[in-house]
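In: Sharing a sequence plus its predicted fold:
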Amino acid sequence: MSAPPPPPAIRVANLRKSYGAHAVVQDVSFELAAGETLVLLGPSGCGKTTLLKMLNRLIEPDGGTVEINGRDVRQQPAEALRRGMGYVIQQVGLLPHYTVAENIAVVPKLLGLAPAAIAARTEALLTRLHLPPARYAHALPQQLSGGQQQRVGLARALAADPPIVLMDEPFGALDPITRAGIRREFRELEELRSKTVVLVTHDVAEAFELADRILLLDAGRVQQLGTPRELLFQPANNFVRRFFAAERLALQLRTLTLGDVLSKEFLDDNNRHITVHEALETLTNAAATNSGFTVAQLMAAFGAALQREEDAWKP
Ligand SMILES: Nc1ncnc2c1ncn2[C@@H]1O[C@H](COP(=O)(O)OP(=O)(O)OP(=O)(O)O)[C@@H](O)[C@H]1O
């Protein structure tokens, strides 16, 4: 007999939380496979942060269950649970009198890791996050820019190599350009690729860029759970449709790939996964090498692909 499949990394069932008469999270359920990135998205006050904090017991639910790797979180002490999950917040929360390296070492020390292992890990993470250790390991948080502090916050969350990382508006305090840059680094960070990530944002473009799946909330209720593509092309209701209306074209450009829009003769293994948006950026860059098609051809193909998608989901 084959072994039963492993339980999902995170399973949330019928989770509820109210403050007085205000139902902040209402009957939320979802499952997340190991290695998946789920983005909690929705308007301000819809319950994203409350939902996230119930995963690591910073907030205790009124009802429902949270299981991590098949185990109910209430069966483990909250402190131990939190040490096993990375947590990144907008305010970063670095300890002001600790150096960058000391901040990163807090959880690994609590977990009893050997000092040499902690030092090696800190150095590797700082290097990976573009903060050369020789320059930054012994700096104090106040000597860093907001973007650099955010990177240290990320390094700290990853220091003990937790399989699950929770992030609450991790790029929220940054200006748009720094934000886009860090987001790109984040996507490319090997350290995060294998991790199960739950990330809160109210930024639609950010959600589309980072999510494997998006959980869209309104007033504490799940409006839709699905891939960015599903939310865009198969909205479950009018709220979902309206939520993306203002940025629809930009999202479509970021969602459809060359593989979706171009015919086979223009495709190869290097370009088929590039989004139309990325391809346009390259094409309009003067230094770009010849890609075999023009902006006009790509836009025509994109228009035809959109029509196909819309037609496919018409009731
Ligand atoms: N401790 C509390 N007591 C009373 N009400 C609270 C408490 N914490 C949160 N709320 C309310 O619950 C609702 C959801 O808050 P939450 O922080 O989860 O929303 P959010 O979607 O993360 O919002 P934002 O995007 O603005 O951060 C809000 O209306 C908030 O005022």
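Out: That came in fine, so what should we check first?

In: Backbone torsions only: list them for the closest residue to the ligand within the stretch 51-200 of the chain.
Out: Nearest residue of the stretch 51-200 of the chain to the ligand (Cβ to the nearest ligand atom) works out as Val200 at 6.2 Å. For the C-beta atoms, the positions are set from N, CA and C on the backbone; glycine is no exception. Backbone torsions of Val200, given as degrees, to the nearest 10, read phi -100, psi 130.

In: what's the answer for Arg241, then?
Out: Dihedral angles for Arg241 - degrees, to the nearest 10 - are phi -60, psi -50.

In: Go ahead and name everything in contact with the helix or strand bottoming out on mean pLDDT in the chain.
Out: Least confident helix or strand, the chain: helix 176-188 with a mean of 74, by mean pLDDT, DSSP states H and E. Helix 176-188 has contacts (Cβ atoms under 8 Å, 6 or more residues apart in numbering) with 129-130, 146-147, 150-151, 154, 170-171, 174, 192, 206, 209-210.

In: Please list the residues of this structure that sit near the ligand.
Out: Tyr19, Val24, Gly42, Ser44, Gly45, Cys46, Gly47, Lys48, Thr49, Thr50, His202 (Cβ under 6 Å from any ligand atom).

In: tally of neighbours for the fifth one?
Out: Other residues within reach of Gly45, judged by other Cβ atoms under 10 Å, total 14.

In: How confident was the prediction at it?
Out: Turning to Gly45, the model gives it a pLDDT of 92.

In: what secondary structure does it sit in?
Out: Following DSSP: H, G, I helix; E, B strand; the rest coil, we place Gly45 in the coil state.

In: what does the second one give?
Out: Secondary structure assignment for Val24 (three-state DSSP): strand.

In: ok, the helix or strand hosting Ala13: who's next to it in the sheet?
Out: Using DSSP states H and E, Ala13 sits within strand 10-19. Strand pairing for strand 10-19, using DSSP bridges, gives strand 22-32 (antiparallel), strand 63-68 (antiparallel).

In: what's the burial count for the residue nearest to Leu126 when sequence neighbours are not counted?
Out: In this structure, Leu126 finds its nearest non-sequential neighbour in Pro133, 4.6 Å apart by Cβ to Cβ, 6 or more residues apart in numbering. By the measure other Cβ under 10 Å, the count of residues near Pro133 is 16.

In: switch to numbering from 55
Out: Got it, the first residue is 55 from now on, which makes the last one we talked about Pro187.

In: from what I can see Pro187 touches Ala174, true?
Out: No: when contacts are counted by Cβ atoms under 8 Å, Pro187 is not listed as touching Ala174 (10.5 Å).

In: what's around the residue nearest to Asn325 when sequence neighbours are not counted, how many residues?
Out: Nearest residue to Asn325 in three dimensions, chain neighbours excluded: Leu312, at 5.2 Å (Cβ to Cβ, 6+ apart). Neighbour count for Leu312, taken as other Cβ under 10 Å: 24.

In: Helices of the stretch 55-204 of the chain, start to end?
Out: Under the criterion DSSP state H, counting those that start in this stretch, the stretch 55-204 of the chain contains helices at 102-109, 132-137, 154-164, 169-182, 187-190, 200-212.

In: Tabulate those in TSV, adding columns for distance to Leu321.
Out: TSV is the format used below for the helices of the stretch 55-204 of the chain (distance: least, Cβ to Cβ, whole Å):
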stretch	distance to Leu321
helix 102-109	38
helix 132-137	46
helix 154-164	43
helix 169-182	32
helix 187-190	42
helix 200-212	35
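
In: could I get those as JSON lines with mean pLDDT?
Out: Compiled in JSON lines, these are given as follows (pLDDT from 0 to 100):
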{"stretch": "helix 102-109", "mean pLDDT": "96"}
{"stretch": "helix 132-137", "mean pLDDT": "82"}
{"stretch": "helix 154-164", "mean pLDDT": "88"}
{"stretch": "helix 169-182", "mean pLDDT": "88"}
{"stretch": "helix 187-190", "mean pLDDT": "92"}
{"stretch": "helix 200-212", "mean pLDDT": "85"}
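
In: which stretch among those comes nearest Asp116?
Out: Closest to Asp116 of the helices of the stretch 55-204 of the chain is helix 102-109 (Cβ to Cβ; 9.7 Å).

In: residues touching Leu109, list them.
Out: By Cβ under 8 Å, 6+ apart, the neighbours of Leu109 are Ile64, Val66, Val120, Ile122, Val127, Met139, Leu220, Val252.

In: Repeat the analysis, applying 6 Å as the threshold.
Out: Val120 (Cβ atoms under 6 Å, 6 or more residues apart in numbering).
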